[in-house]
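Asks: Predicted model, plus sequence, below.
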Amino acid sequence: MALSKAEKLPQEIIVDILSRLPAKSIGQFRCISKQWCSLLSDPQFISAQLTINSHKEEENLILVSDSHSLHTITFNHNPQNGTIDAISRKLSFQQLEDNWVSVAGSCNGFVLVVNDEEIKFLINPTTLGYFEIPQFDLALPVPGSFSMYGLGYDVVSGDYKVVTLSYYDTDNEYEPDIDYTFVDVYYVRKDIWRRLESSPYDHVVPQLASGVLVNGALHWLASSKTSGYSSVIVAFDLSDDKFLEVPAPSTLDKGNFVFNKLVALRGCLCMFTNTDEDEIDVWMMKDYGVEESWTKFVVKGPDSVTDLIPLCLMSEDDVLLDADGELIVYSMREDRWRNMMVDGIPTMCENAGTAIFRESLVSPTFGYRELQTITFNHNPENGIDIISRTLNLQQLSNSWVSVAGSCNGLVLVIKREEAKYLINPTTLEYHKIPNFDLALPVPGSCSMYGFGYDTLSDDYKVVTLSYYDSFDENEPAIMDTFVDIYSLKKGLWKRLESSPYDHPLSDRASGVLVNGVLHWLVCKTSQYSFVIAAFHLSDEKFLEVAGPTGLGSNYSLCNLVVLRGCLCIFTGIGKDMDTVTCWMMKEYGVKESWTKFTITEPNLDRSMCTLLCSVTDDDVLLDIEEELVVYNMKENQRRDLMVDASPIMCEARTFMDSLVSPSFVEGN
């Protein structure tokens, strides 16, 4: 009877109840039925569960053992008798060896761990999911350098970031005498590394330390190069990727507190220093950024302890400590310590670090991009019907990087490491494009793609424009843009003459297919004037298409799109900050046929607006800050499209339904 009543509960109530449960319980409930498994695996539910439980104390510790395996310890505090129960668990990940050397940070249930080959992984200790972070081609050589890491979440962009601070070992005669610190950031959702400006601080410290995450920033102790190398607390703000300073306790010696250590306790930034062999002073910043809010308390450990590290506050009075690799609890009220008894706990690996983490269901494959189709059916009476569908292609993982073009129902998609596939989203067939033996190295180069159909040869062609990364000192200083073509019918690659244009302007933009021609915005290398370059698929040569007279000659802030089969230029250039402009070439190749229309939207970030397609004669579909919006040009009004189970959108292309097979070959 109780079950039948529960089944009648509205789904929103069931979701609200379940989202308040611990992550492990939810994982067990997924086994009840397919419906519950789907509901409890939905990204929106997982996000809600994380938000609701974010105020609870993090009561899980992860560490590296002396055998280089990962272990977690879960603490359950009993307020009635003041005891703390602890459960140890060894983590085993499929296809990963136990060769871990450090725990470098945690955030929202994710933990950043590093193995003995300096390969970094994001893991979820609760679900045992993991994600290997790709190597950065500009990373400093190992050995020969030192690196410190940090992990955090940027609430502005909704992205997790891995931050690396690295500098050369200047005592190594084989390494360059460079004394600044490189700052590299990996954006998990975008799946890209970027090198920022070098840090203005001296980060050389006696012991490498992971960034301490507090208040949306990663914190390190460093020395100021502009004030006599005095000690400072630096914060790397994850929202704008910039460094700033946090005031330290006023009573500390500014000359040498760089030898102290930072830690986060109950969400507060703390600094601690050893005063005696078995005693440390802990400073806690109770009001972030306010110098006067620093408060000191003393923590004691056993006699003859050489290294005492506070890990977390178990209660208002109890502090969990790492005492020379052993776990102890110190009661500040009773001024005494006791051993933490944990069955099966191994000896901790020295200097490997630990992290306190919160149980969550968030997948560490957060950076993987799914392929999803959205079908629009226009209903003149009540608007637009929308059907969303996630594409699950057999034996292919969701590690897509971009959608590079579509033609006749076939879509060109790119995976990590630049693997190219032709897929038919309607039939779910796919065909892997073989690698070209002359392709430029990845990483170390940039590539743009195009896809279209040549009616003369009855052949589909994939076009690649690639050039060396001129910022990579390890790659040759070659300015040519290489043009490679793959014939789907023949199953062969060939290299043409280099492009006569400078293509980096397009910033990896895909070729826009109109009238059997692929189009890119480029620069003329002779005058560096901007033009529309058209690559004809029939004769495989570049020509130029005349742009609109009213736009001027600066295309640097423009994008090419196609609307109803017409070539269009979409731009945010103009005096009105709330307006974007679209020029449409209604008759291909005729300069006088360019026609302008505008889209006005209050508080519009023009850099975050992309025109996708026409829905009706008056309605266009826009991507505004990764949300789908229909804009009616006649009424100058927008309406948001609600797409059930649609993930955060990274990139979009339009396509038509068809039965064309991506395994299109000669004679078939």
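Replies: Arrived safely, thanks for sending.
Asks: Quick check: Leu622 touching Cys609?
Replies: Yes - checked against Cβ atoms under 8 Å, the pair Leu622 and Cys609 is within contact range at 6.2 Å. (Each C-beta comes from the backbone N, C-alpha and C, glycine too.)
Asks: Those two: which has the busier surroundings?
Replies: It is Leu622, of Leu622 and Cys609, that has more neighbours when counted by other Cβ atoms under 10 Å, with 22 against 19.
Asks: give me the element the more buried one is part of.
Replies: strand 619-624 (DSSP states H and E).
Asks: Name the next helix or strand downstream of that strand, please.
Replies: Strand 619-624 is succeeded, C-terminally, by strand 627-632 (DSSP H and E).
Asks: Output that following strand in CSV with nothing but the alpha carbons.
Replies: Provided in CSV are the C-alpha atoms of strand 627-632 (Å, rounded to 0.1, in the frame of the first residue of the first chain):
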residue,chain,number,x,y,z
GLU,A,627,21.2,28.8,-24.3
LEU,A,628,18.9,28.3,-27.3
VAL,A,629,16.8,31.3,-28.1
VAL,A,630,14.2,31.9,-30.9
TYR,A,631,14.2,35.6,-32.0
ASN,A,632,11.3,37.0,-34.0
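Asks: Just checking: what are the partner strands of that strand?
Replies: strand 619-624 (antiparallel), strand 637-640 (antiparallel) (DSSP bridges).
Asks: before we move on, back to that, now for Leu622 and Cys609: what residues contact both?
Replies: When contacts are counted by Cβ atoms under 8 Å, 6 or more residues apart in numbering, the set common to Leu622 and Cys609 consists of Ile599.
Asks: what about the strands paired with strand 627-632, which gets the closest to Thr170?
Replies: With Cβ to Cβ as the criterion, Thr170 lies closest to strand 619-624 of those, at 47.2 Å.
Asks: Pull the distance from the closest one to the chain's centre.
Replies: Strand 619-624 sits 25 Å away from the centroid of its parent chain (Cα atoms, centre = their mean, to the nearest Å).
Asks: Stretch 523-541 now?
Replies: Distance, centroid of stretch 523-541 to centroid of chain: 33 Å (Cα atoms, centre = their mean).
Asks: what's next to it, contact-wise?
Replies: By Cβ under 8 Å, 6+ apart, stretch 523-541 touches 450, 452-457, 461, 463, 483, 485, 496, 499-502, 505, 511, 516-522, 542-547, 553-556, 560, 567, 569.
Asks: Is it possible to mark the buried ones in these?
Replies: When the contacts of stretch 523-541 are checked for burial by 16 or more other Cβ atoms under 10 Å, the buried set is 450, 452-454, 461, 463, 483, 485, 499, 501-502, 505, 511, 516-522, 542, 545, 547, 555, 560, 567, 569.
Asks: re earlier: let me know which of the strands paired with strand 627-632 is the nearest to Leu213.
Replies: strand 619-624 (30.6 Å).
Asks: where in the stretch 401-550 of the chain is pLDDT low?
Replies: Per-residue confidence for the stretch 401-550 of the chain (pLDDT under 70) gives these ranges: 401, 416-417, 442-444, 469-478, 504-508, 525-528.
Asks: centroid residue for this protein?
Replies: Val188 (1.9 Å; Cα atoms, centre = their mean).
Asks: Among the contacts of stretch 523-541, name the ones in strands.
Replies: The strands, defined by DSSP state E, take in 450, 452-454, 461, 463, 483, 485, 501-502, 517-522, 542-545, 560, 567, 569 from these.
Asks: Check which helix or strand Val15 maps to.
Replies: helix 11-18.
Asks: Distance from that helix to the middle of the chain?
Replies: 30 Å.
Asks: again with stretch 270-280
Replies: That offset, for stretch 270-280, works out to 37 Å (Cα atoms, centre = their mean).
Asks: Pull out the buried positions in it.
Replies: Here stretch 270-280 shows 270-272, 274, 278, 280 as buried, counting by 16+ other Cβ under 10 Å.
Asks: Identify the residue with the minimum pLDDT among those residues.
Replies: Ranked by pLDDT, the buried residues of stretch 270-280 bottom out at Asp278, which has 72.
Asks: Kindly reformat the strands paired with strand 627-632 as a markdown table and extend each row with mean pLDDT and distance to Phe110.
Replies: Listed next are those as a markdown table, based on pLDDT from 0 to 100; distance: least, Cβ to Cβ, whole Å:
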| stretch | mean pLDDT | distance to Phe110 |
| --- | --- | --- |
| strand 619-624 | 78 | 27 |
| strand 637-640 | 75 | 30 |
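Asks: still on that earlier bit, so the residue nearest to the centre of the chain is in contact with Tyr160, correct?
Replies: Yes - contact criterion Cβ under 8 Å: Val188 and Tyr160 qualify, at 4.1 Å.
Asks: Can you report phi and psi for Gln49?
Replies: phi -60, psi -40 (degrees, to the nearest 10).
Asks: per-residue confidence at the residue nearest to the centre of the chain?
Replies: 86.
Asks: now it: how far from Tyr468?
Replies: 27 Å (Cβ to Cβ, to the nearest Å).
Asks: now Trp337
Replies: Distance from Trp337 to Tyr468, by Cβ to Cβ: 60 Å.
Asks: Which neighbouring elements make contact with the helix or strand that contains Tyr160?
Replies: Assigned by DSSP H and E, Tyr160 falls within strand 159-168. Here strand 159-168 touches strand 120-124, strand 145-154, strand 182-187, going by 3 or more Cβ pairs under 8 Å, 6 or more residues apart in numbering; DSSP states H and E.
Asks: one more time with 10 Å
Replies: strand 100-107, strand 110-115, strand 120-124, strand 145-154, strand 182-187, strand 192-195, strand 217-224, strand 231-237 (3 or more Cβ pairs under 10 Å, 6 or more residues apart in numbering; DSSP states H and E).
Asks: Just the CA atoms of the helix or strand just after the third one, as CSV, please.
Replies: What that stands for is strand 120-124. For strand 120-124, the following helix or strand on the C-terminal side (DSSP H and E) is strand 129-132. Extracted in CSV, the C-alpha atoms of strand 129-132 (Å, rounded to 0.1, in the frame of the first residue of the first chain):
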residue,chain,number,x,y,z
GLY,A,129,34.8,7.4,-12.3
TYR,A,130,38.0,9.0,-13.7
PHE,A,131,39.2,11.2,-16.5
GLU,A,132,42.8,11.5,-17.7
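Asks: Other residues contacting strand 129-132?
Replies: Residues outside strand 129-132 that contact it (Cβ atoms under 10 Å, 6 or more residues apart in numbering) are 91, 93-96, 110-111, 113, 115, 119-124, 188, 191, 361-368, 399.
Asks: Buried residues, it. List them.
Replies: 129-131.
Asks: Name the strands paired with it and say parallel or antiparallel.
Replies: strand 120-124 (antiparallel).
Asks: neighbours of Ser88, just the number please.
Replies: Neighbour tally, Ser88, other Cβ under 10 Å: 15.
Asks: Who are the contact partners of it?
Replies: Neighbouring residues of Ser88 by Cβ under 10 Å, 6+ apart: 61, 63, 71-74, 342-346.
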